[in-house]
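**Q** Fold the following for me, if possible:
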Amino acid sequence: MMASADFAYDMAADAAGLPISVSIFVDCDLLRGEMGEDVVQAGFKIRECGNLAQLLAGDATVLGEVILVDCPQPDAAAMATLARLDTRAAQSGARLVISTELDSLDAVFGCCAQSNPQILVAPLRAERVIALGRVLAEMPKLRLRELSEDDRLTLLRLTEQVGHIAERLDKIETPKPWGTGKTRNGGAFRFESPGDGYEADGYVSQGLRATGELVRKPRPPLPDARLVRQIIAQRKARAKYLDEELFADPAWDMLLDLTAARVEHQRVCVTSLCIASGVPPTTALRWIGQMTEAGLFERVEDDTDRRRAFIDLTDKAVDAMARYFEEVGRQVLCTA
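**A** Presented below is the predicted three-dimensional model:
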């Protein structure tokens with residue numbers, strides 16, 4: 001249970017000085033009360049605070065700039081409402097935060113293709129507070145006073161409670177100058193060849209033609225899926241003997257899982273990918289979002305059921321993984 005935190009923010013306001021309003025739709029009375037308290041403490045103004053029935057009624061009402069929904073077990077009607085809400089949030093620019101359970105994650109994820117919502121899976125109260133903090137950070141031109149030192153320490157403790165999210169994401173959120181081991185656009189992963197003469201993201205040049213055009217080296221094939229699955233199994237085996245948190249590397253674990261699935265011609269749902277990441281689902285979803293923004297993952301809609309969606313590697317990520325395994329293979333042969 002998270003200790004009560006007293007955040008003494010001034011009222012959150014937009015550039016015009018108007019207070020930012022929040023709509024809350026939660027069935028559980030206790031949870032609705034907690035969320036209302038946290039919203040007020042974070043400096044927002046509550047526009048309405050009701051149950052899911054009010055949201056499902058479909059009445060044309062004005063919603064807040066931030067919409068919080070707890071939908072642990074959505075039925076068909078709830079999923080249809082979430083899809084409409086997702087479209088509405090995308091069109092209006094509202095921030096949408098949805099909490100659900102792990103067994104409903106795929107359904108909720110499939111409904112939200114446009115607004116890029118924060119999805120929380122069985123979240124603790126601390127994780128909900130962090131979600132509000134992310135909303136504040138993402139909203140431009142907010143009129144807020146600086147955090148006090150007590151607030152900073154409290155936010156630090158909350159972040160630690162949910163697995164040092166800020167520390168882990170810093171590796172891929174902070175752009176760095178283009179240089180050794182980085183692409184021209186910055187980012188978290190190395191896509192260029194370490195060899196001399198490389199000039200383009202994802203391709204190794206063999207020199208420049210007279211026109212200045214780069215000569216592309218064909219992409220090597222992806223490795224045998226059995227090899228990738230063996231690597232995954234070996235990584236998981238460490239947890240039998242050592243604390244698995246010492247080796248938490250969700251980005252790499254998800255890349256490996258999607259690489260094997262690509263070779264096996266298998267589709268990967270978001271729940272499966274969260275499990276493969278080895279971190280809590282809410283943390284995994286944030287990583288998936290960051291990997292998508294980095295151009296490594298992409299959302300793929302199910303052609304047979306528009307309510308479902310999968311995660312796949314982009315061509316850039318496939319190219320990077322193929323070249324990585326080719327280089328590792330060469331190193332193994334050299335040492336054999």
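**Q** Only C-alpha atoms from now on, for both contacts and neighbour counts.
**A** OK.
**Q** I'd like the mean pLDDT over stretch 258-272, please.
**A** The pLDDT scores in stretch 258-272 average 96.
**Q** For it, list the C-alpha coordinates in CSV.
**A** Below are the C-alpha coordinates for stretch 258-272, written out as CSV (Å, rounded to 0.1, in the frame of the first residue of the first chain):
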residue,chain,number,x,y,z
LEU,A,258,9.7,-10.7,-32.0
THR,A,259,12.7,-11.8,-34.0
ALA,A,260,11.9,-15.5,-33.3
ALA,A,261,8.2,-14.9,-34.1
ARG,A,262,9.0,-13.2,-37.4
VAL,A,263,11.0,-16.3,-38.5
GLU,A,264,8.3,-18.6,-37.3
HIS,A,265,5.6,-16.5,-39.1
GLN,A,266,3.8,-16.0,-35.9
ARG,A,267,1.9,-12.9,-34.7
VAL,A,268,2.6,-11.6,-31.2
CYS,A,269,-0.2,-10.0,-29.2
VAL,A,270,0.6,-7.2,-26.7
THR,A,271,-0.1,-9.5,-23.7
SER,A,272,2.4,-12.1,-24.9
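**Q** Mean pLDDT per helix and strand in this protein: which one sits at the bottom?
**A** helix 165-173 (a mean of 41; mean pLDDT, DSSP states H and E).
**Q** What helix or strand is Ala53 located in?
**A** Using DSSP states H and E, Ala53 sits in helix 52-56.
**Q** so Val39 sits right up against Cys49, yeah?
**A** No: assessed by CA atoms under 8 Å, Val39 is found out of contact with Cys49, at 10.7 Å.
**Q** These two: which has the busier surroundings?
**A** Using other CA atoms under 10 Å as the criterion, Val39 and Cys49 rank with Val39 on top: 21 against 17.
**Q** Toward the C-terminus from the host helix or strand of that one, list the very next helix or strand.
**A** Using DSSP H and E, Val39 maps to helix 29-41. For helix 29-41, the succeeding helix or strand toward the C-terminus, using DSSP H and E, is strand 45-50.
**Q** for the stretch 151-300 of the chain, what spans make up the helices?
**A** 165-173, 225-237, 250-263, 270-277, 281-293 (DSSP state H, counting those that start in this stretch).
**Q** next one: the stretch 1-150 of the chain
**A** Going by DSSP H, counting those that start in this stretch, the stretch 1-150 of the chain shows helices at 29-41, 52-56, 76-92, 105-111, 125-138, 149-161.
**Q** Tell me the helices and strands packed up against the first one.
**A** Read that as helix 29-41. On a contact count with 3 or more CA pairs under 8 Å, 6 or more residues apart in numbering; DSSP states H and E, helix 29-41 meets strand 21-25, strand 45-50, helix 125-138.
**Q** and that helix with strand 45-50, angle?
**A** Using axes from the mean of the first three to the mean of the last three CA atoms, to 10 degrees, the direction of helix 29-41 lies 170 degrees away from that of strand 45-50.
**Q** Flag every buried residue along helix 29-41.
**A** Of all the residues in helix 29-41, those buried under the rule 16 or more other CA atoms under 10 Å are Arg32, Met35, Gly36, Asp38, Val39, Val40, Gln41.
**Q** how about these in a markdown table, adding distance to Gln266?
**A** As requested, the buried residues of helix 29-41 are exported to a markdown table (distance: CA to CA, whole Å):
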| residue | distance to Gln266 |
| --- | --- |
| Arg32 | 40 |
| Met35 | 39 |
| Gly36 | 42 |
| Asp38 | 42 |
| Val39 | 41 |
| Val40 | 45 |
| Gln41 | 45 |
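**Q** Reformat those residues into CSV and put pLDDT and distance to Phe310 next to each item.
**A** Conversion of the buried residues of helix 29-41 to CSV gives the following (pLDDT from 0 to 100; distance: CA to CA, whole Å):
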residue, pLDDT, distance to Phe310
Arg32, 93, 31
Met35, 93, 30
Gly36, 93, 33
Asp38, 89, 33
Val39, 90, 32
Val40, 88, 36
Gln41, 84, 37
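**Q** okay, among the residues you listed, which ones form the most distant pair?
**A** Across the buried residues of helix 29-41, the longest distance by CA to CA is 14.3 Å; it joins Arg32 and Gln41.
**Q** As a markdown table, the helices of the stretch 151-300 of the chain with distance to Leu102 would be great.
**A** Below are those laid out as a markdown table (distance: least, CA to CA, whole Å):
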| stretch | distance to Leu102 |
| --- | --- |
| helix 165-173 | 19 |
| helix 225-237 | 21 |
| helix 250-263 | 17 |
| helix 270-277 | 7 |
| helix 281-293 | 8 |
